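In: here is a sequence together with a model predicted from it:
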Amino acid sequence: AEAVMPRPHQIPGEKFKSGDKIRVLVVEVKRSNRSPQIVVSRGHRNMLKRLLEYEVPEIYNGQVEIKNIAREAGGRSKVAVVALMDNIDPVGACVGIKGNRIQNIVKELHNEKIDVIEWSPNHEEFIKKALNPAQARAVFLDDDPDQGRTAVVLVPDDHLSQAIGREGQNARLAAKLTHWRIDIKAVSEAVSQALEQIEAGSADLQPVVQKHGALITEVKRVMDKKNAGLTVQPEEYTTLGRFAEIVENQILQVKIQSRQA
């Protein structure tokens, strides 16, 4: 039978010539007076799902489950997997020995980058993993029934660009994979915002001022040093990170209390 692959279902940059053999996913069969109209895809996220089932016996046999897939065809994909049996490494099963299983899929999908992540019922842990290869320091979840679910993620300054990704791709795919809106902040950015609010006399941060006066003094000293272009030591960055976590946690608690009220 003949099939059509509309442009939205194609992988950008992929070209074929007459006689090429390719794998496709059947996404729709339309009835017509003559012959059925078959619509196929290589860009659909289920194309990646079927390839994983084909390449990974543990998925095909039901020992590993695909929980979710976030895909931008031809660019990057993130796959969340979980083991349904003990003593199975779900990520290792998908990647294969020396990466042979995942490399077969990468080649099939025009060298699309694929991140395989272990799914976790703990939202904070899952969001941290979803932002790989960046290392997140802390995650603060705000599940607002009106505004939706937002996760504020603190990352070290040198991991910010990695966490966001090229043109925001890494953060965008992580949000699709986890079903949380993700707001990424560098530690120094969060600290600067907090110090500005404290200077402005923010009522929300008064508990922090009252409880952590010595820490605020130290943080101001480190930020002055950083702004002057001087070398900031690792332990000083740790101090900034601790302060940023305290502030973000306080802001979240204020939001929750306000909503309950």
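Out: Okay, I see it. Numbers count the residues shown, from 1 in each chain.

In: nearest residue to residue 5 in space, please, no chain neighbours.
Out: Here the nearest residue to residue 5 in space, its sequence neighbours aside, is residue 40; by CB to CB, 6 or more residues apart in numbering that works out to 5.1 Å. Placement of C-beta: from N, CA and C, glycine included.

In: so which strand or helix has that neighbour?
Out: Assigned by DSSP states H and E, residue 40 belongs to strand 37-41.

In: show residues contacting that strand.
Out: Under the contact criterion CB atoms under 8 Å, 6 or more residues apart in numbering, strand 37-41 has outside partners 1-6, 9, 24-31, 47.

In: mind listing which of the residues you listed are in strands?
Out: Among the contacts of strand 37-41, the subset assigned to strands under DSSP state E consists of 3, 4, 25, 26, 27, 28, 29, 30.

In: from those, which two are the most distant?
Out: Spatially, the most separated pair among the ones in strands among the contacts of strand 37-41 is 25 and 30, at 15.7 Å (CB to CB).

In: who's more crowded, those two?
Out: residue 25 (19 against 8; other CB atoms under 10 Å).

In: could you verify my assumption that the more buried one touches residue 46?
Out: Yes. In terms of CB atoms under 8 Å, residue 25 counts as a neighbour of residue 46; the distance is 5.7 Å.

In: CA atoms of stretch 146-160 as PDB?
Out: C-alpha atoms of stretch 146-160 as PDB (Å, rounded to 0.1, in the frame of the first residue of the first chain):
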ATOM      1  CA  ASP A 146      -5.300  28.100  39.700                       C
ATOM      2  CA  GLN A 147      -1.900  28.800  38.300                       C
ATOM      3  CA  GLY A 148      -0.800  25.200  37.800                       C
ATOM      4  CA  ARG A 149       2.300  23.300  39.000                       C
ATOM      5  CA  THR A 150       5.600  25.200  39.100                       C
ATOM      6  CA  ALA A 151       9.000  24.000  40.100                       C
ATOM      7  CA  VAL A 152      11.700  26.500  41.000                       C
ATOM      8  CA  VAL A 153      15.000  24.800  40.400                       C
ATOM      9  CA  LEU A 154      18.300  26.200  41.900                       C
ATOM     10  CA  VAL A 155      21.400  25.300  39.900                       C
ATOM     11  CA  PRO A 156      25.100  26.300  40.400                       C
ATOM     12  CA  ASP A 157      26.100  29.300  38.200                       C
ATOM     13  CA  ASP A 158      28.300  27.200  36.000                       C
ATOM     14  CA  HIS A 159      25.400  24.700  35.300                       C
ATOM     15  CA  LEU A 160      22.800  27.400  34.200                       C
END
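
In: what mean pLDDT does it have?
Out: Averaging pLDDT along stretch 146-160 yields 94.

In: same check on stretch 118-137?
Out: 96.

In: residue numbering should commence at 583 henceforth.
Out: All right, first residue 583 from here; so that's stretch 700-719.

In: mind checking the end-to-end distance for it?
Out: 18 Å (CA to CA, to the nearest Å).

In: can you check stretch 780-796 too?
Out: Start-to-end, stretch 780-796 (CA to CA) is 14 Å.

In: pull out the buried residues from it.
Out: 780, 787, 790, 794 (16 or more other CB atoms under 10 Å).

In: if you skip the residues just before and after it, what's nearest to the first one?
Out: Leaving out its chain neighbours, the residue that sits closest to residue 780 by CB to CB, 6+ apart is residue 787, at 5.4 Å.

In: list phi and psi for that neighbour.
Out: Here is the backbone geometry of residue 787 (degrees, to the nearest 10): phi -100, psi 10.

In: burial check on the residue nearest to residue 687 when sequence neighbours are not counted, number of neighbours?
Out: Take residue 687 and drop its neighbours on the chain: the residue closest to it by CB to CB, 6+ apart is residue 633, 4.8 Å away. Residues near residue 633, counting by other CB under 10 Å, number 20.

In: please name the residues that touch residue 633.
Out: 605, 687, 690, 691.
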